[in-house]
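Undergrad: Sequence and predicted structure below; questions after.
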Amino acid sequence: MGEGVRGLGQDKPNHDPNAFVGGTEHGIGVYTQATDRFKTISLHAVWLTTLTEGAASVTALVPSLLRRGARRWPDWRSMEMRLEELYGAAFRAAVEKVGDQQLVSCHLEIPDGRFLPGHPDTLSAGIEFLNHVMSEPHLVDGTFPAEAVAQEKETLTRRIQGIINDKAQYATMRLMQVMAEGRPFGLSRYGRVEDVAALTPRMVTERYREVSREAPLLFFGVGALDAAALERAVRQTWQSRPADVGMPPMAPVPGLHQRKLVVDEQEVNQGKLNLGYTTGARLPDRDYPALMMYAGILGGFSHSKLFVNVREKASLAYYAYARVDGVLGLMHIGAGIEFKDFSEAMRIIEQQVADMAAGHITEQEMDFTRRGYVTSLKTTEDAPGSLIGMQMQRLLMGGGLLPGDLIPALERVTIRDITRVAESVSLDTVYFLTAKGEGHDVRLPLS
Amino acid sequence: MVRTTLPSGLRVVVMPRPGQRRTYATFATYYGSIDSHFRVPTTGADLEVPDGIAHFLEHKMFAKPEGDVMDQFAALGASTNAYTEYLTTSYLFSTTDRVAECLAILMDLVQRPHFTEENVHKEQGIIEQELRMYLDMPGDRVHSNLMRALYQKHPVRLDIGGSVASIRTITPDVLYRCYETFYHPSNMLLFVVGDVDPQAIMDQIAEAQREKGLTESQGEIVRYLPDEPAPVAEPWVEQVMPVSLPLVTIGYKDPVGRLAGAELLTREVVSDVMWGVLLGKASPLWSRLYEEGLINDRFGAHYTAATTYAYSSMGGETPDPERLAEVLAEELPRVAITAEDVERQKKSQWGGFATLFNSPGDLAYQYNAWHFRGVDLFQFSDALARVSAKEVEARRDEHVQLAHRAVSVIRPESA
């Protein structure tokens, strides 16, 4: 990716039904897809910031406080009453992570007035709500109210500590942490408990001001809406970003380890086996469609090698999958297994990876995988959230194919293309979460 | 929308959605985890079956002599799945192409069982891992423990998937007995939503059922359920797990006996509006609990109504389960319920209903759920419009009582 948001130009005219209309000017992008396919109108706004250890927590608190009140709806209750008035509109303010970027996002989904009694204009009210909540938070003496900050600090702390409650998610997070070894993509989007503790209302307010004035802002709208009116409303509310502000280019992630093994023990009933690979290919890369095919055949579907061999043939697991992170260019394999089956599961998984590299791929596997992707890419059109997510990813990555081009690209991928990308797929880290007392004998088989 | 009942008793519903890329279909049976004691219609004998067998059967329907049905869907680029609940089992596909072929496979998937000693044995290992996965999920455990605390005898107190021990006793023979009893078309609903020609879909389904010789209704299935006493089994249950903070779910049992149709819908809609008013995010009580740090922003209360049981549940992470339970017990009975609150809640529920039509999956789920409870989806708006503040208040006074309450807590190891 070149200069990040500075490089986000006008999207070239495109007749793909997934394409958005719009562009970025002065650090503010407005992208819309006007369609009457949906019963709701989705509005999604994100500020883009670089994820750093120091700023992660203070940035993470910003959306929590936006949620707590705005000038016109100064507390939680009045804001919620407003949303109920808007026919149960769903509002979410959250912090997200894409690669090494931390996103502060506000999302509003409003039932389309055409389908409601009396046909109210929910769209204008929705745009007004979102703009107001993001631009005029409730402040007391110039800062976020101290009580609300204290409560949201507590909530954030619990959220950070709570990651341990979901074992699959916890194991994935630990794998990324080990692979990243301090690099930003391995950091938590919520930051660290000790950083949260040190935050004051002034610090959070200053961070809000900084983000809201300077961070590149992307605004998306999908549904029965008027693109020009939305663009006008956004540009009236938000000033241009400083000219020199842009996102640093997102670097490809090189591997730092070779077959590193990390084992944790907890009081659990099932072991979580997670393998992290570097692949060398990312969304905008030429080889990305071939990498998609690679990961799909290996573990993307119920006909895939991992599901068939780990689950159906060996009965070792209920789930076994491979997933590619197209932003970082990493691949992740996961399976939930019996503690004692570590070696057997590793052996079967690595055999499947070796089979991929050796080109032991059937025409049927190629065909089923291609078709599976085609269906899921086509159905992107049915879900406003998927449309917005795909558009945002393309903007952040400075490229990537829309389904209209990606489908033929997948259809052109050959087994040779797949074995070529397989050469760059390399096992970086193995992470195993096992029961207490079960971890000491865990050894990796030789490759 | 086209709806019909075939001579076999199969209910078929097709909802055309022009412009939608995805076609989504469910084939569901009114047979879930609670149906473990019944009369086998072919032999007339009464049978009690191992816990978790409906879920096991669902897994095993995908096995055919020629291989896994998933591959047949994959060959068409379609995806498939299935799930078992307390009350029902559903099979589904989602596709953008070749709908007729997918539909044929779906009917074949559900209407051609193939159970062998070998494939049953193999599935035991897989399901054992599925159950172990749930055992590590605090959210799943806290719900499961609550159901055991609320119910003394009703099988809804047992986990849908059964236990590692109970599924080991399942045999092909008992699977066939369950299949014969509950997978007759007269116990089932086939629902299709997408950009389709409803008549063509109807004709295809009717023809396929004729070919399979499914032309006669089976009649009512005899199901045995123990009488459930009104009081809860245990008012307070706890389990220790490796979690960061206590997790709590509070339940109110609603002793309903038998419940269906308009009565069930009214009860459900009034109860949902009630919880929105009492404990929705716009309620004073919610704000107070949040500001005291007793709940997180995902806290909410919901009502679940089924044909032989009903309950409300609410919960989430909390540093102090005792204090949360105490505040709720004190405050819920005395919240003032105003007409404005009720009207605002009704608007919000309206939006939720309209949004349902955005997602074929959610729509199919809701249609199925209500169908097997004797409710038609399109009765919802009238039922909602009728809700009054007086009714909501009466519902609260009847339902929110300490005698019907049970509390389930998951505590961190160190505490």
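TA: Alright, I've got the coordinates.
Undergrad: Just the buried residues of the helix or strand containing B:Thr355, please?
TA: Per DSSP states H and E, B:Thr355 falls inside helix B:339-356. By neighbour count on 16 or more other CB atoms under 10 Å in any protein chain shown, the buried set for helix B:339-356 is B:341-351, B:353-356. The C-beta positions use only the backbone N, C-alpha and C, and glycine is treated the same way.
Undergrad: And it, what does it pack against?
TA: If you count contacts as 3 or more CB pairs under 8 Å, 6 or more residues apart in numbering or on different chains; DSSP states H and E, helix B:339-356 packs onto helix A:76-85, strand A:101-111, helix B:261-279, helix B:360-371, helix B:380-386, helix B:389-399.
Undergrad: who's in contact with A:Asp382?
TA: By CB atoms under 8 Å, 6 or more residues apart in numbering or on different chains, the contact list for A:Asp382 reads A:37, B:20-22, B:360.
Undergrad: hmm, 10 Å instead?
TA: Going by CB atoms under 10 Å, 6 or more residues apart in numbering or on different chains, A:Asp382 touches A:37-38, B:17, B:19-22, B:24, B:94, B:96, B:194, B:358-360.
Undergrad: Near chain B, which residues of the stretch 101-250 of chain A are found?
TA: Contact residues (CB under 10 Å from any CB of the partner chain) of the stretch 101-250 of chain A with chain B: A:109-117, A:120, A:122, A:147-148, A:150-152, A:154-155, A:157-168, A:170, A:223.
Undergrad: quick revisit: Serialize the helices and strands packed on helix B:339-356 to JSON lines and add fields for mean pLDDT.
TA: What follows is the helices and strands packed on helix B:339-356, written out as JSON lines (pLDDT from 0 to 100):
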{"stretch": "helix A:76-85", "mean pLDDT": "94"}
{"stretch": "strand A:101-111", "mean pLDDT": "96"}
{"stretch": "helix B:261-279", "mean pLDDT": "97"}
{"stretch": "helix B:360-371", "mean pLDDT": "97"}
{"stretch": "helix B:380-386", "mean pLDDT": "96"}
{"stretch": "helix B:389-399", "mean pLDDT": "98"}
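Undergrad: Of all these, which one is nearest B:Cys102?
TA: Closest to B:Cys102 of those, according to CB to CB: helix B:360-371, at 13.5 Å.
Undergrad: near chain A, anything from the closest one?
TA: Yes - Helix B:360-371 lies within reach of chain A by CB under 10 Å from any CB, at B:Pro360.
Undergrad: could you say what helices and strands that helix packs with?
TA: Counting contacts by 3 or more CB pairs under 10 Å, 6 or more residues apart in numbering or on different chains; DSSP states H and E, helix B:360-371 is packed against strand B:11-16, strand B:23-29, strand B:89-95, strand B:188-194, helix B:261-279, strand B:300-305, helix B:339-356.
Undergrad: Packing partners of the first one?
TA: Spelled out, it's strand B:11-16. Using 3+ CB pairs under 10 Å, 6+ apart: strand B:11-16 touches strand B:2-5, strand B:23-29, strand B:188-194, helix B:198-211, helix B:360-371.
Undergrad: same thing but 7 Å
TA: Judged by 3 or more CB pairs under 7 Å, 6 or more residues apart in numbering or on different chains; DSSP states H and E, the packing partners of strand B:11-16 are strand B:2-5, strand B:188-194, helix B:198-211.
Undergrad: Tell me the residues of the stretch 101-250 of chain B that contact chain A?
TA: B:122, B:125-126, B:129-130, B:132-133, B:135-136, B:138, B:242-245 (CB under 7 Å from any CB of the partner chain).
Undergrad: Tell me which of these fall in helices.
TA: If you go by DSSP state H, those have B:122, B:125-126, B:129-130, B:132-133, B:135, B:138 in helices.
Undergrad: Output those residues as a markdown table; include the columns neighbour count and pLDDT.
TA: Formatted as a markdown table, these follow (neighbours: other CB atoms under 10 Å in any protein chain shown; pLDDT from 0 to 100):
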| residue | neighbour count | pLDDT |
| --- | --- | --- |
| B:Lys122 | 17 | 91 |
| B:Gly125 | 15 | 91 |
| B:Ile126 | 18 | 92 |
| B:Gln129 | 24 | 92 |
| B:Glu130 | 18 | 94 |
| B:Arg132 | 18 | 93 |
| B:Met133 | 20 | 94 |
| B:Leu135 | 16 | 95 |
| B:Pro138 | 23 | 96 |
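Undergrad: quick one: which of these is nearest A:Arg213?
TA: Closest to A:Arg213, out of all of these and judged by CB to CB, is B:Pro138, at 41.0 Å.
Undergrad: tell me the contacts of that closest one?
TA: By CB atoms under 7 Å, 6 or more residues apart in numbering or on different chains, B:Pro138 lies in contact with A:165, B:241, B:243, B:247, B:410.
Undergrad: show me where the stretch 51-200 of chain B has helices.
TA: B:53-60, B:69-75, B:99-111, B:117-135, B:138-150, B:164-167, B:172-182, B:198-211 (DSSP state H, counting those that start in this stretch).
Undergrad: Which residue, neighbours along the chain excluded, lies closest to B:Ala45?
TA: Distances taken as CB to CB, 6 or more residues apart in numbering or on different chains place B:Arg39 nearest to B:Ala45, at 7.1 Å, with adjacent residues excluded.
Undergrad: now A:Gln102
TA: Using CB to CB, 6+ apart and skipping the chain neighbours, the partner closest in space to A:Gln102 is A:Leu51 (4.0 Å).
Undergrad: just for chain A, where's the confidence low?
TA: In the predicted model of chain A, residues A:1-15, A:243-251, A:447 satisfy pLDDT under 70.
Undergrad: Just give the number of residues close to the closest residue to B:Asn145 other than its chain neighbours.
TA: Spatial nearest neighbour of B:Asn145, excluding adjacent residues (CB to CB, 6+ apart): B:Ser408 at 4.3 Å. A count of nearby residues for B:Ser408, using other CB atoms under 10 Å in any protein chain shown, gives 27.
Undergrad: my read is B:Ser408 is in a helix, agree?
TA: No - under the criterion used here (DSSP: H, G, I helix; E, B strand; the rest coil), B:Ser408 is strand, not part of a helix.
Undergrad: who does it bridge with?
TA: Beta bridges link B:Ser408 to B:Val237, B:Thr249, judged by DSSP bridges.
Undergrad: Distance check, it against chain A.
TA: 15 Å (CB to the nearest CB, to the nearest Å).
Undergrad: Test my guess that that residue contacts B:Asp140.
TA: No - if you go by CB atoms under 7 Å, B:Ser408 and B:Asp140 don't touch, sitting 11.5 Å apart.
Undergrad: care to break the chain down by domain?
TA: Picking chain A for this. A:4-237, A:260-435 (automatic domain parsing).
Undergrad: Not quite, go with chain B.
TA: According to automatic domain parsing, the ranges for chain B are B:2-211, B:236-412.
Undergrad: Straight-line length of stretch A:19-31, end to end?
TA: 9 Å (CA to CA, to the nearest Å).
Undergrad: Please enumerate the strands of the stretch 51-200 of chain A.
TA: A:90-98, A:101-111 (DSSP state E, counting those that start in this stretch).
Undergrad: ok, the shortest one near chain B or not?
TA: No - applying CB under 7 Å from any CB, one finds strand A:90-98 out of contact with chain B, separated by at least 8.2 Å.
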